[in-house]
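>>> Sequence plus predicted model, see below.
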Amino acid sequence: MVTAAPAQAALLAGRNIRRLRTPATVFGAVVIPLVFFIGFSAVLGRMLEYRGLDAAQYLTPAIVVQAGMFTAMSAGFAVSSDVAERVIVRFRTMSVGWTAILAGRLAADGLRVVGSVLVVTLAGMVAGFRFHGTALDAAGFVALAVLFTLVLATGAAALGAGSDDPESVNALLQIPYLPLIMLSSAFVPVAAFPGWLEPVIRNSPVTAVVEALRGLADAEPGTPALPAALTWLAVLGLLFVVLFQRSLRTAMVPK
């Protein structure tokens, strides 16, 4: 029996990664981000350029964040499916720890979002997106996008661990998606929102991450939005880990 947490996590990561090799996964990780990039570029491109913004430079980080959110939602569906199929209960009989289950899930989600980030970034480069800083800035761009996804995936997994109905979990995860992405500077500059709404937009976690990604791509000195983004991710990550542990403890009890 495998008892060491790192070995357990590696085995579960391998299992979850093998399950990614489906047409649906490829469609979600590659095709959908490309469709959104092309669609938003066509719809918002001229408006952004009218405001003096480079559409490709502005939209690429936004689509990267959006792809990360879709990847995170898939984590909730996957964990809920394991609960419904009694896989989680079987993990209990094998003395598999919650940290190994979470790490195995996040390894697969991290790999998936790296693929999405690369696809969106390459598409953005074709349209004119560029990294204006060093290779370290570009690496930070990818790392922040992956970290953002893994934090949200932990939250989605916590919700999934508390339910044996994957479809309901998927539907519930759609509810916060639109407010989070629309009430942010992902697709529209903060100044374009009504004045009373600007503080909400400016202090949104999605705004913080998107602006940090733009700062890394543009090589802004100090990347002003990065501390806020990392603070948001640290707080949310801690909260979601606690929620996942509690939800999984309940799911691992045989019924």
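Looks like it came in fine.
>>> Now do residue 159: how many residues are near it, please.
When neighbours are defined as other CB atoms under 10 Å, residue 159 has 23 of them. All C-beta atoms are positioned from the backbone trio N, CA, C, and that covers glycine.
>>> how much space between it and residue 79?
Using CB to CB, to the nearest Å, we find residue 159 at a distance of 8 Å from residue 79.
>>> From the centroid of this protein, which residue is nearest?
Centrality entry for the chain: nearest residue to the mean C-alpha point is residue 149, 2.4 Å, by CA atoms, centre = their mean.
>>> any idea which helix or strand carries that one?
Residue 149 belongs to helix 135-161 when assigned by DSSP states H and E.
>>> Which residues are in contact with the residue nearest to residue 151 when sequence neighbours are not counted?
The spatially closest residue to residue 151, leaving aside those adjacent along the chain, is residue 237, at 4.5 Å (CB to CB, 6 or more residues apart in numbering). For residue 237, the contacting residues are 150, 151, 154, taking CB atoms under 8 Å, 6 or more residues apart in numbering as the criterion.
>>> Residue 188 now?
Taking CB under 8 Å, 6+ apart as the contact definition, residue 188 lies against residue 44.
>>> How about residue 200?
Residues in contact with residue 200, defined by CB under 8 Å, 6+ apart, are residue 183.
>>> quick one: average pLDDT of whatever helix or strand it lives in?
Secondary-structure assignment from DSSP H and E places residue 200 in helix 198-202. Here helix 198-202 scores 94 as its mean pLDDT.
>>> How about stretch 145-155?
97.
>>> what residue ranges in this structure score low on pLDDT?
When residues are selected by pLDDT under 70, those of the chain lie in 1-3, 251-255.
>>> what about the helices in it?
Taking DSSP state H to define them, one finds helices in the chain at 5-18, 23-26, 32-50, 55-84, 87-93, 98-127, 135-161, 166-182, 198-202, 205-218, 226-251.
>>> possible to save these as a markdown table with distance to residue 192?
Rendered in a markdown table, the data for the helices of the chain read as follows (distance: least, CB to CB, whole Å):
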| stretch | distance to residue 192 |
| --- | --- |
| helix 5-18 | 40 |
| helix 23-26 | 35 |
| helix 32-50 | 9 |
| helix 55-84 | 12 |
| helix 87-93 | 45 |
| helix 98-127 | 21 |
| helix 135-161 | 23 |
| helix 166-182 | 12 |
| helix 198-202 | 9 |
| helix 205-218 | 13 |
| helix 226-251 | 20 |
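>>> Which among those helices is found nearest to residue 191?
Closest approach to residue 191 among the helices of the chain (CB to CB): helix 198-202, 7.5 Å.
>>> And that closest one, what's buried?
Taking 16 or more other CB atoms under 10 Å as the neighbour-count basis, helix 198-202 is seen to contain the buried residues 201, 202.
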